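Structure for the following, please:
(one chain, ligands or ions: 1)
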Amino acid sequence: MNNDNNTIYEFDVNLICDFFLNTERQGPGSPEATIKALSFIENLTDKSLIADIGCGTGGQTMVLAQNVSGCITGLDFFPGFIDKFNCNAEELNLQDRVKGIVGSMEKLPFEKESMDLIWSEGAIYNIGFERGLNEWSDFLKTGGYIAVSESSWFTQERPKEISDFWTQCYPEIDTISTKVSQMQKAGYIPVATFILPESCWTDHYYLPLVKTRKMFLDKYAGNRIAEKFVEYSHHEEELYSKYKAFYGYVFYIGKKI
Ligand code: SAH
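Okay, here's the model as predicted:
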């Protein structure tokens, strides 16, 4: 990477979305991790209402839908992702109980205290972990669950290079114990946390990006911003490989009191 120090936020959002449109996932995760997180959640029935916030094209939503019987609304602010989401739901014949809508996680269009489960993989950072936990709680029934994955530090101290990188792109990254305490303060019982295995980054996220990067560079040949975005994505992957002992994604599952 040339040393312009771009953060992902400095790239045009439509360009980023176009990059990720043809990937199954838009962040680290896996069907196994989704199913494991789901295993901590009780009392779901075919009447349950579930929201998947920042659903992207719905990789994890379809896994959820195949493992629970309630109705799921996927919400994302990028219409291209939602179109793809709804096509995916139809292909799997889930369209009667899985629907994607365009919307903002900062202004959820649900009734207060209506949801049994709020799900969000690799997306709550867009609103911020604490703010998301606090605001989304209004939409959960008492006894309802929240399950979110969030980048977290594994150690108290870490090398400057990775600390600087994260401080620039997501200053709210913190240790697992701090995040659990934030969950408690927001009015949830912390039911479970687990670290996503490395394969959620390598096999399910970075490996498919090899093809995505190539297709994207072909499409945007000569576009310097697109090239820089791909360089950024390589840089992020290199940092993960170098510093994976110090950070990763963690699933946090809580129950509203
Ligand atoms: N859950 C998916 C996507 C994670 S990427 C997965 O794990 O693969 C983060 C997603 O959040 C993107 O799809 C992005 O479009 C969406 N997003 C970002 N800011 C948002 C906002 N303010 N409201 C709704 N969605 C948002």
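
ok but Tyr145 is inside a helix, no?
No - counting by DSSP: H, G, I helix; E, B strand; the rest coil, Tyr145 is not found in a helix; it is strand.

give me the number of residues near Gly27?
By other CB atoms under 10 Å, the residues close to Gly27 number 21. Using the backbone N, CA and C atoms, a C-beta is placed for each residue, glycine as well.

which residues sit in contact with it?
Counting by CB atoms under 8 Å, 6 or more residues apart in numbering, Gly27 makes contact with Gly56, Glu121, Gly122, Ala123, Ser149, Tyr205, Tyr249.

which one among those residues gets closest to Glu238?
Glu238 has its nearest neighbour among the contacts of Gly27 in Tyr205, at 14.0 Å by CB to CB.

Counting neighbours, which of the contacts of Gly27 comes out on top?
Glu121 (32 neighbours).

what about Cys169, neighbour count?
That count, for Cys169 with other CB under 10 Å as the rule, works out to 17.

Tell me the predicted confidence for it.
Looking at Cys169, its pLDDT reads 92.

tell me the mean pLDDT over stretch 51-64?
Mean predicted confidence for stretch 51-64 is 97.

List the buried residues for that stretch?
If you call a residue buried by 16 or more other CB atoms under 10 Å, then stretch 51-64 has these buried ones: 51-64.

could those be laid out in JSON lines, adding distance to Ile162?
Output for the buried residues of stretch 51-64, formatted as JSON lines (distance: CB to CB, whole Å):
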{"residue": "Ala51", "distance to Ile162": "32"}
{"residue": "Asp52", "distance to Ile162": "29"}
{"residue": "Ile53", "distance to Ile162": "27"}
{"residue": "Gly54", "distance to Ile162": "24"}
{"residue": "Cys55", "distance to Ile162": "28"}
{"residue": "Gly56", "distance to Ile162": "25"}
{"residue": "Thr57", "distance to Ile162": "29"}
{"residue": "Gly58", "distance to Ile162": "31"}
{"residue": "Gly59", "distance to Ile162": "27"}
{"residue": "Gln60", "distance to Ile162": "26"}
{"residue": "Thr61", "distance to Ile162": "31"}
{"residue": "Met62", "distance to Ile162": "33"}
{"residue": "Val63", "distance to Ile162": "30"}
{"residue": "Leu64", "distance to Ile162": "31"}
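
Restricted to helices, list those residues.
Counting by DSSP state H, the buried residues of stretch 51-64 place Gly59, Gln60, Thr61, Met62, Val63, Leu64 in helices.

Could you dump those residues into a markdown table with distance to Ser104 added?
A markdown table is the format used below for those (distance: CB to CB, whole Å):
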| residue | distance to Ser104 |
| --- | --- |
| Gly59 | 21 |
| Gln60 | 19 |
| Thr61 | 18 |
| Met62 | 23 |
| Val63 | 24 |
| Leu64 | 21 |
